[in-house]
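> Just a sequence and a predicted model for now, questions to come.
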Amino acid sequence: MSATVNDKAKCGLGEEELIYDIWQGLMEVCFCQEGRLESVYGQGGCRGKAANSPYCRSRRAITPVIMARIGGKKYCGTRSGENFLNTVRPVRSTATAPYKCPTGFEPCGGQAALDAGFAENVVCLEDTALCPITSVSYIVTDPVTGEQKFEVSKDPSKSLPLANFKFSTDTPCIDSEQDPI
């Protein structure tokens, strides 16, 4: 299950942000501008000659920033299912028999995914609504609503379940008057 919310809203109960990036921040440094020459001198604030120079000043440290907005929206979702290595997988009774899920389980992507030779990508679940996402596509604009959104696929014949993905569009905003680099 996933939802799109305003970037200032919190994700729902049991949901977490699906898409985010962490900007690592900046260490405190001594930044000097001498005519056309610009340079950074080591870690920490200005010391010695640099501390008394009109061309140098300390640039304070800036803490890391979590960036999770895409087009003014935040994407939330819920984790579900077993780890891919521990989940129920299709088996076959003999070396030539077709792959099938155990009784009470259905293959994600349907029997067609197994028949097409993608058994190594298929997981078997009691509720196929919880099948893992196998691909994510970014659609710039929805033609009906004009909204930016993502389209997901759960078809195992396209690719393996996602273990991780990252998509970011935000950039940190640094005040160049306060922080010269």
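In hand now; what should we look at? Numbers count the residues shown, from 1 in each chain.

> going forward, measure contacts between C-alpha atoms and count neighbours the same way
Will do.

> check which helix or strand covers residue 136.
Element membership of residue 136, judged by DSSP states H and E, is strand 135-139.

> Please apply the same query to residue 141.
Under DSSP H and E, no helix or strand contains residue 141.

> so where's the longest helix in this protein?
Counting residues, the longest helix found in the chain (DSSP state H) is helix 110-115.

> partners of residue 32 in the sheet?
Beta-bridge partners recorded for residue 32 (DSSP bridges): residue 39, residue 56.

> ok, back up a step: after the strand holding residue 136 comes which helix or strand?
strand 149-153.

> name the helices or strands packed onto that next one?
Under the contact criterion of 3 or more CA pairs under 8 Å, 6 or more residues apart in numbering; DSSP states H and E, strand 149-153 touches strand 135-139.

> and the strand it packs on, what's its mean pLDDT?
The pLDDT scores in strand 135-139 average 68.

> likewise stretch 104-117?
In the prediction, stretch 104-117 has an average pLDDT of 84.

> And it, what's buried?
105, 106, 107, 108, 109, 111, 113, 114 (16 or more other CA atoms under 10 Å).

> Quick check: the fifth one touching residue 156?
Right, residue 109. Yes - using CA atoms under 8 Å, residue 109 is in contact with residue 156, at 6.0 Å.

> What is the most widely separated pair among the buried residues of stretch 104-117?
105 and 113 (14.6 Å; CA to CA).

> sec struct for residue 66, please.
Of the three states, residue 66 takes strand according to DSSP: H, G, I helix; E, B strand; the rest coil.

> give me the number of residues near it?
Residue neighbour count, defined by other CA atoms under 10 Å, stands at 13 for residue 66.

> pLDDT at it, what is it?
78.

> so how far does stretch 26-46 reach from one end to the other?
Distance between the boundary residues of stretch 26-46 (CA to CA, to the nearest Å) amounts to 15 Å.

> Actually, stretch 14-23.
End-to-end span of stretch 14-23 (CA to CA): 25 Å.

> Per the annotation, how does the chain divide into domains?
Per automatic domain parsing, the structural domains of the chain span 26-62, 80-169.

> mean confidence score for the shortest one?
Over the span of domain 26-62, the pLDDT mean works out to 78.

> just stretch 142-159 next, same as before
What stretch 142-159 shows for mean pLDDT is 73.

> Output it in PDB with nothing but the alpha carbons.
Output of stretch 142-159 as PDB, limited to C-alpha atoms (Å, rounded to 0.1, in the frame of the first residue of the first chain):
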ATOM      1  CA  ASP A 142      -0.600  12.300 -15.200                       C
ATOM      2  CA  PRO A 143      -2.700  13.300 -18.300                       C
ATOM      3  CA  VAL A 144      -6.000  13.300 -16.400                       C
ATOM      4  CA  THR A 145      -5.000  15.200 -13.200                       C
ATOM      5  CA  GLY A 146      -1.800  16.900 -14.300                       C
ATOM      6  CA  GLU A 147      -0.200  15.500 -11.200                       C
ATOM      7  CA  GLN A 148       3.300  14.000 -11.100                       C
ATOM      8  CA  LYS A 149       3.300  10.400  -9.900                       C
ATOM      9  CA  PHE A 150       5.000   7.000  -9.900                       C
ATOM     10  CA  GLU A 151       3.800   3.900 -11.600                       C
ATOM     11  CA  VAL A 152       4.800   0.500 -10.000                       C
ATOM     12  CA  SER A 153       4.800  -3.000 -11.400                       C
ATOM     13  CA  LYS A 154       4.600  -6.300  -9.600                       C
ATOM     14  CA  ASP A 155       5.400  -8.400 -12.700                       C
ATOM     15  CA  PRO A 156       8.300 -10.800 -11.900                       C
ATOM     16  CA  SER A 157       9.000 -11.300 -15.600                       C
ATOM     17  CA  LYS A 158      10.200  -7.700 -15.800                       C
ATOM     18  CA  SER A 159      12.800  -7.800 -13.000                       C
END
